[in-house]
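Undergrad: structural data only, the sequence is not supplied:
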């Protein structure tokens, strides 16, 4: 340690911290103040559309974790090939979004919602109707620009700070 | 741009110096016999015009019939690079000389190969398992590894 | 005081375990340090607490399906990992990437470098004992970049943005204005950080001349990245072996000479400035067009092997991939920057104090996800 | 408070005599210290939060004022874990031994004219003597935990306290020379001009040495969280940890109080009641400590020792010498003239010493 500058470096640093004392803090108080997440958020629940899904299982093949399970059956009455079970183990899902990207029929979406923690491990495995879109679990615009356009604009910290400085 | 030296040309030069040390050579790599690996490596590191002083990585591949240890070295001075390999056909107790004496950077990587692939590096100062614990059964990166 | 004088005090060395759960081991690194009082006599690193067998997992994933797992290697900078892996597969399969995608890749890689250096400098200063302040300021700046990453790919940490033959999606229209705004504010922020600690006498005393890594040792140990450049190894793969489109931009490679902790810190700060410079040029030049080449989802590269490397924020990150013409890599090896940069740690810390051990370790800037894989 | 207390605090007119006086002030002091510590924690966390562009705790009570209370309750309700290999008795006694002397310091600190537990005529000497005992508690904690981190932290603390006691005491002696008394109350009464102006170098030395003595940043080596996890109290939990936490802040408050008393004119000040001035000044000094903690990195142990012996100690001696000459030769000199002279001397000395001063061993060959 050598005081080459007689402590000027220390004083310079202290001016920076004291200036921050007078500045507005950049944090926000989470449960009360909520920011808009990205329009392309890959939320932690998969959303599946029963109407669009054909049961081709491209998503299941793409999934690196093997979290998607599809059982299809032929419906002899209507002469249709329909999905019997569509099961996602959210516990295995790593939210990579490759299934959404791969789906040729736009039947799978990432979830837009957050705070979707479960209290029991069994609830992590979601089947059929639990996977449908609902007001609590809207679909995100990941690989779906039409949906992204309707979602609110993401709040950016850059904008916030620039606004405050003005 | 780092120039990748042609394996065949380099093989010719090395063959002159160390006859019978090259097992095989292709456009982008050369395979050195395990017995003369250290000589060739030292030559690559120190010889004029080569000066491969920087070891990019060491890794090993399991091809069932043999293990291949891959070294890529770069010369910072001449900005050229070459891949050389060595093979060991013994599956029970594969052994390759260690290059830690030449490039110290190989230290952890050779330990990792020993750990995951089960290849012993002769002359390594501290050849212990690095990622898995002592007494782990088998070597996971081998293709026949059964967990 | 010389060693002999010290030894006349009749001290007895003892072994102290640093980690795996220690505040400044940057994850779950563990070192068994042999200490003589406060002086470090020797250290022995112990790895493997975060070993997930990613190289083995790669052999059971498709080429595309492995991209999300590369995010988990060096979790501070997943974009670089994604890019390195995609470069390797593209080299293997001979895929050409569209122009716009190359620009987007450069944007992401440089933003990622900024993120990593923010974290590296912040935690390094925190290790020096500047209680949380630099790291909080740095995290605030990082947050701005994470916002942009979030906007582009929907996640803040595991981006999974690069694809083989391009990038995942085109950037949304609000991205470039946000980037320009960011480029406008960040130089001022870096100036402020310089005011905070650049000339601080205590920091100088703690880092100048501490943990010197000589140039020859750096090369022999395979050290790369800012650590090597601080020791005077003038090698940056963006210049030495230009990948993507880095040869189109003007930037300098900051190098140091002393090779001590302070020099590493300086090199990182300078690299941030250079990254900003590259980003300025990219935002001016970026063309339109497709962002992804026509690549089948399940690609089967021809039989062979390829090694592609890039200048990741921490150093040379490379992927060595062997293909057997199936949908999954036959062998995928990661050149772990952090692991190899740790090789020289033992030589660097011997003879220094415990406090210096932490500072030197912090100055190398490692991520355990990459060390253990 | 007691406005009509006599000056020498020997209370013949106090109902019940000494015993009631002592009981009253003992309770008052404990309450004072605990409340001040809570205030200090609040200032530290909120102030530091704002300096770091955060908010700090703001959920419990208005402006987070009750956060220290909530923390205290949380800590007290936690399980008390004693390591198996610990020296149980030493481990148990350490917090008590560390805590008691810190409380005892406040016995001689005047809250306002004459309002103090015991106006010892050697008050400041008593402070110096008692405050060192806390080190024993810290060392017992480090030794008794049978943890190497704790031991390292405790050893560092002992080394630091032994070294920094010298400049600390020498800086005090300067003040005592100017004031002409060892009694804390008399020192305050002597300060028509705060001694920070008459003794600027003494103040600088005392503040630095005091920070080192109580292990505030940048000298917080004994609990250097990035090196030694938590230093000497690594193995403490529950109530005993709370005691150490209390000690840490009580020591900071004590040093702030002593600085206030010795250099900032104690309870003296216009308009506000004296005891409020005293508290405000304590918090101002404490805020300065928080400020340095937020900004500065930590020094290394050898640099810490060298700073004490090569920088502070000689300067303290010179300061003492100069002060003695001033008191002896110009006892009635104009104070304002002396202030200018002393500040000039301080600047010159610091600059000169900075030029020639180099510390730290650097690397040892091993």
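TA: Okay, I see it. Values in this document were obtained by computation on a predicted structure and should not be read as measured data. Numbers count the residues shown, from 1 in each chain, chains lettered A, B, ... in the order given.

Undergrad: where does residue B:74 sit: helix, strand or coil?
TA: Classification of residue B:74 by DSSP: H, G, I helix; E, B strand; the rest coil places it in strand.

Undergrad: which residue is the nearest non-sequential neighbour of residue C:56?
TA: residue B:140 (5.5 Å; C-beta to C-beta, 6 or more residues apart in numbering or on different chains). Where C-beta positions appear, they are placed from N, C-alpha and C, glycine not excepted.

Undergrad: how about the one you found, secondary structure?
TA: coil.

Undergrad: how close does it sit to chain D?
TA: According to C-beta to the nearest C-beta, to the nearest Å, residue B:140 stands 33 Å off from chain D.

Undergrad: quick one, phi psi at that residue?
TA: phi -60, psi -30 (degrees, to the nearest 10).

Undergrad: that one: neighbouring residues, count only.
TA: Neighbour count for residue B:140, taken as other C-beta atoms under 10 Å in any protein chain shown: 19.

Undergrad: again with residue D:101
TA: Other residues within reach of residue D:101, judged by other C-beta under 10 Å, total 22.

Undergrad: surely it is in a strand?
TA: No: Residue D:101 is assigned helix when assessed by three-state DSSP, not a strand.

Undergrad: and it, what does it touch?
TA: Residues near residue D:101 by C-beta atoms under 8 Å, 6 or more residues apart in numbering or on different chains: D:130, D:131, D:132, D:133, D:134, D:137.

Undergrad: as CSV, those with secondary structure, neighbour count and pLDDT would be great.
TA: As requested, these are exported to CSV (DSSP: H, G, I helix; E, B strand; the rest coil; neighbours: other C-beta atoms under 10 Å in any protein chain shown; pLDDT from 0 to 100):
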residue, secondary structure, neighbour count, pLDDT
D:130, helix, 18, 86
D:131, helix, 23, 83
D:132, helix, 15, 82
D:133, helix, 15, 84
D:134, helix, 25, 82
D:137, helix, 24, 85
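
Undergrad: closest to residue C:25 out of these?
TA: residue D:137 (29.6 Å; C-beta to C-beta).

Undergrad: now that closest one: how far from residue D:258?
TA: Counting by C-beta to C-beta, to the nearest Å, the separation of residue D:137 from residue D:258 is 19 Å.

Undergrad: do the same with residue A:51
TA: With distances taken as C-beta to C-beta, residue A:51 is found 78 Å from residue D:258.

Undergrad: what about these two, which has more around it?
TA: residue D:258 (26 against 7).

Undergrad: sorry, back to before: correct me, but the residue nearest to residue C:56 touches residue C:54?
TA: No: the pair residue B:140 and residue C:54 does not pass the contact test of C-beta atoms under 8 Å, sitting 11.3 Å apart.

Undergrad: quick one: low-confidence parts of the chain?
TA: Just going to use chain A. Applying pLDDT under 70 to chain A flags residues A:1-6, A:161-166.

Undergrad: I was thinking of chain C, sorry if that wasn't clear
TA: C:1-10.

Undergrad: go ahead and flag the most central residue of it.
TA: residue C:314 (2.6 Å; C-alpha atoms, centre = their mean).

Undergrad: so which helix or strand takes in whichever residue of chain B sits closest to chain A?
TA: Among all residues of chain B, residue B:147 sits closest to chain A, at 16.3 Å; criterion: C-beta to the nearest C-beta. Under DSSP states H and E, no helix or strand contains residue B:147.

Undergrad: what sits closest to it if chain neighbours are left out?
TA: residue B:140 (7.5 Å).

Undergrad: which pLDDT does the model give that neighbour?
TA: Looking at residue B:140, its pLDDT stands at 86.

Undergrad: try residue D:3
TA: Taking residue D:3 on its own, its pLDDT is 45.

Undergrad: likewise for residue D:364?
TA: The model's pLDDT for residue D:364 equals 67.

Undergrad: now the lengthiest helix in chain A: buried residues?
TA: Determined from DSSP state H, the single longest helix within chain A is helix A:8-22. Buried residues in helix A:8-22, counting neighbours by 16 or more other C-beta atoms under 10 Å in any protein chain shown, are found at A:9, A:10, A:12, A:13, A:14, A:16, A:17, A:20, A:21.
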